[in-house]
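**Q** sharing a sequence plus its predicted fold:
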Amino acid sequence: MRKADTDRLFRALYRVGYRVYLGFCYFFRPASRGVYIAVWHQGAVLLIKNSYRSFFTIPGGGLRGKESVAGAAARELYEEVGIRVEPGRFHLVGLFRTNYEFTRDTVSLFEVNLSDRPEVAVDRREVVWAEFKKPGQALQRPLFPVVKQYLEAVQSGKGLGKTL
């Protein structure tokens with residue numbers, strides 16, 4: 001099987017798995033903890049597009065076991081876009097509580113500002129696109145609600161409190 005065919009198969013499996021997960025969440029309303037990482041370079045933030053969602057977001061995901069939030073951020077950033085950052089370099093922006101997609105999420109949002117443009121690598125399976133965009137450009141796209149709220153605060157210069 002060619003790589004392009006294998007990638008297509010994985011994207012289809014991600015879409016099906018995502019819909020099954022949404023069904024589970026609809027009935028059981030689980031609580032979860034996750035992280036988002038805003039990677040900045042020269043005033044632009046790294047946006048990504050997952051193969052199974054209709055909106056754009058920033059790298060992120062859930063915590064595993066007793067993993068620290070900064071450790072999860074470092075792991076997710078590497079898994080999703082191939083960027084290695086030591087957990088101590090992240091700056092915690094705030095905690096966001098959402099009920100999006102039928103879950104009771106508590107999300108820790110981190111920032112990291114990189115002076116050198118990082119090499120971004122997407123797998124074309126879970127993550128199909130990644131690009132640096134200025135906040136105004138990013139806000140023209142359909143965004144995950146937490147990401148939209150964060151970028152609106154960044155663009156307005158109002159900043160964020162510890163919990164939104």
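**A** On my side now, so go ahead.
**Q** and D7, what does it touch?
**A** Residues near D7 by C-beta atoms under 8 Å, 6 or more residues apart in numbering: 123-125. The C-beta positions use only the backbone N, C-alpha and C, and glycine is treated the same way.
**Q** and which of those residues is nearest T103?
**A** Using C-beta to C-beta, R125 comes nearest to T103 of those, at 22.9 Å.
**Q** how many residues are close by the residue lying closest to the closest one once chain neighbours are set aside?
**A** Of all residues beyond its chain neighbours, the one nearest R125 is F10 (3.9 Å), with distances taken as C-beta to C-beta, 6 or more residues apart in numbering. F10 has 15 neighbouring residues, counting by other C-beta atoms under 10 Å.
**Q** and F10, how far is that from V122?
**A** According to C-beta to C-beta, to the nearest Å, F10 and V122 sit 12 Å apart.
**Q** from the contacts of D7, list the buried ones, please.
**A** Buried members of those, counted by 16 or more other C-beta atoms under 10 Å: 124-125.
**Q** which elements pack onto the strand or helix carrying E111?
**A** Using DSSP states H and E, E111 sits in strand 104-113. If you count contacts as 3 or more C-beta pairs under 8 Å, 6 or more residues apart in numbering; DSSP states H and E, strand 104-113 packs onto strand 31-41, helix 69-81, strand 91-98, helix 145-156.
**Q** can you put those in a markdown table and add distance to R15?
**A** Shown next, in a markdown table, are the helices and strands packed on strand 104-113 (distance: least, C-beta to C-beta, whole Å):
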| stretch | distance to R15 |
| --- | --- |
| strand 31-41 | 20 |
| helix 69-81 | 17 |
| strand 91-98 | 22 |
| helix 145-156 | 21 |
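**Q** so can I have a markdown table of the ones you listed showing distance to G23, mean pLDDT and mean neighbour count?
**A** Formatted as a markdown table, the helices and strands packed on strand 104-113 follow (distance: least, C-beta to C-beta, whole Å; pLDDT from 0 to 100; neighbours: other C-beta atoms under 10 Å):
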| stretch | distance to G23 | mean pLDDT | mean neighbour count |
| --- | --- | --- | --- |
| strand 31-41 | 16 | 95 | 19 |
| helix 69-81 | 24 | 97 | 21 |
| strand 91-98 | 19 | 92 | 16 |
| helix 145-156 | 21 | 92 | 18 |
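**Q** so which of those comes closest to L47?
**A** L47 lies closest to helix 145-156 among the helices and strands packed on strand 104-113, at 8.1 Å (C-beta to C-beta).
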